[in-house]
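> Got a sequence here, can you model it:
(one chain, ligands or ions: 1)
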Amino acid sequence: MKTNSLILLLLLQLSTLAQKKPLPVIDMHLHALQANAQGPAPLKMGAPFTHWGHADAHTPYAETFMRVSKTGEWSSVTLTSPSTDDSLQMLTLKELDKYNVYGVTSGANEDNIGIVRTWKAANPKRIINAIGWGVYDIQSQKLTVDSLRKLFKSGEFKVFGEIYIQYEGYTLSDSIMEPYLAMAEELDIPVGVHVGTGPPGVIYLGAKGYRAKNHSALTLEEALIRHPKLRVYAMHAGWPMLDDMMATLYAHPQLYVDLGIISYALPLKEYYYYVQRLVNAGFGKRIMFGSDNMVWPQSIGIGIKHIENAPFLTQEQKRDILFNNAARFLNLSKEETKAMQ
Ligand SMILES: [Zn+2]
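Below is the predicted model:
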């Protein structure tokens, strides 16, 4: 072969390499929200935060938190949220395409269903419809057990979550959840429940029922025992109550976790310590990636990179977290996973 054609061949190979799609990722925890859902956009978010600051007794904490959300002063690396609903949707879907991500996507804030339908219509391949839900939504949006049953039974919605009752002071084991869990168990719909961290100091930002003790995965235990066929994942992997999380995973082999917000917002040293402990303890087959992206689309790519760059994970463990565990948990068929490559 002549040198010229050899160079041409090499260039061709390089360009196909550059165009090659990244390996697929399943994001078990993606939000479809309006641009102002977390407060008036644009807002800054630590990616990760450097520290969680402090409250000043003489200033309402909500004021402090809003100031920090505008200045980004608790972090050295911040993301800035887009200002319009359209740009947030467009940038999020673009991020999914860029990293070859399939997102289990839920709405919230009185737009739990419609916005997911809109995003799904805009990019049917990338969006797996889920229903965000809290006790408040029973009244406000008539998301009763009967209306939810219809939405799941139709096949349009695949996952029941994020269930954000922790903000309202409830846990999955509370009696109010019983008919909902029985319905999900009967229809074999996976349930994703917020266990672990919300915004720092969220009790003082309006979530009066939120309690630190409910970061514990032990709050799931009675619900798991009552509904042994229910597929459940604990969102945010119950950070920071690691011992409780591991005990619950050990006692209930059907339980999975997603990484959620800790995948990009937690100081990286702590995040790696937490994931490494879960993997070291033997739970690597039940950890799933979740970006918990709200209004900062780049958080998805950052979360994926944090797993890809984790020095303590093998290639196999990384693929388990980014794809294989979720594909198994969601009962995806061989054909479905093949179509995602
Ligand atoms: Zn979330």
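
> Quick check: Gly201 vs Ser299, distance?
To Ser299, Gly201 is 20 Å away according to Cβ to Cβ, to the nearest Å. Using the backbone N, CA and C atoms, a C-beta is placed for each residue, glycine as well.

> and what of Met246?
As judged by Cβ to Cβ, Met246 and Ser299 stand 26 Å apart.

> The two: which has the busier surroundings?
Ser299 (22 against 18; other Cβ atoms under 10 Å).

> Quick check: that one is in a helix.
Yes - residue state for Ser299 (DSSP: H, G, I helix; E, B strand; the rest coil) corresponds to a helix.

> For the closest residue in space to Lys208 that isn't next to it in sequence, give me its contacts.
Here the nearest residue to Lys208 in space, its sequence neighbours aside, is Gly169; by Cβ to Cβ, 6 or more residues apart in numbering that works out to 7.7 Å. Gly169 is in contact with Lys208, Gly209, Tyr210, Arg211, Asn214, counting by Cβ atoms under 8 Å, 6 or more residues apart in numbering.

> Tell me the one of those nearest Asp320?
Within these, proximity to Asp320 (Cβ to Cβ) peaks at Asn214, which comes in at 28.1 Å.

> residues contacting the closest one?
Contact analysis of Asn214 by Cβ under 8 Å, 6+ apart lists Gln166, Gly169, Thr171, Val195.

> Next, give me the two most distant ones among these.
Taking Cβ to Cβ, no two of the contacts of Asn214 sit farther apart than Gly169 and Val195, at 13.9 Å.

> coming back round to it: what's the ChimeraX line that selects buried ones from the contacts of Gly169?
The ChimeraX command for the buried members of the contacts of Gly169 (criterion: 16 or more other Cβ atoms under 10 Å) is given here:
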select :210,214
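
> what kind of secondary structure is whichever residue of the stretch 101-250 of the chain sits closest to the ion in?
Nearest residue of the stretch 101-250 of the chain to the ion, counting by Cβ to the ion: Glu162, 4.7 Å away. Judged by three-state DSSP, the three-state class of Glu162 is strand.

> ok, it - contacts?
By Cβ under 8 Å, 6+ apart, the contact set of Glu162 is His29, His31, Ser106, Ala108, Ala130, Gly132, Trp133, Gly192, Val193, His194, Met235.

> Among those residues, name the ones in strands.
Secondary structure defined by DSSP state E assigns His29, His31, Ser106, Ala130, Gly132, Trp133, Gly192, Val193, His194, Met235 of those to strands.

> Just put those in TSV and tack on pLDDT.
Formatted as TSV, the ones in strands among the contacts of Glu162 follow (pLDDT from 0 to 100):
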residue	pLDDT
His29	98
His31	98
Ser106	98
Ala130	98
Gly132	98
Trp133	97
Gly192	98
Val193	98
His194	98
Met235	98
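
> Select, from those, the two members most distant in space.
Counting by Cβ to Cβ, the most remote pair of those is His31 and Val193, 14.9 Å apart.

> Tell me the spacing between the closest residue to Ile163 other than its chain neighbours and Tyr250.
Computed as Cβ to Cβ, 6+ apart, the closest residue to Ile163 that is not its neighbour in sequence is Val193, at 4.6 Å. Noted for Val193: a distance of 18 Å to Tyr250, by Cβ to Cβ.

> Among these two, which residue is more densely surrounded?
Shown here are Val193 and Tyr250; by other Cβ under 10 Å, Val193 has more neighbours (26 against 12).

> For the more buried one, list each beta-bridge partner.
Ile163, Ala234 (DSSP bridges).

> my guess is it contacts Tyr170, does it?
No - contact criterion Cβ atoms under 8 Å: Val193 and Tyr170 do not qualify, at 10.1 Å.
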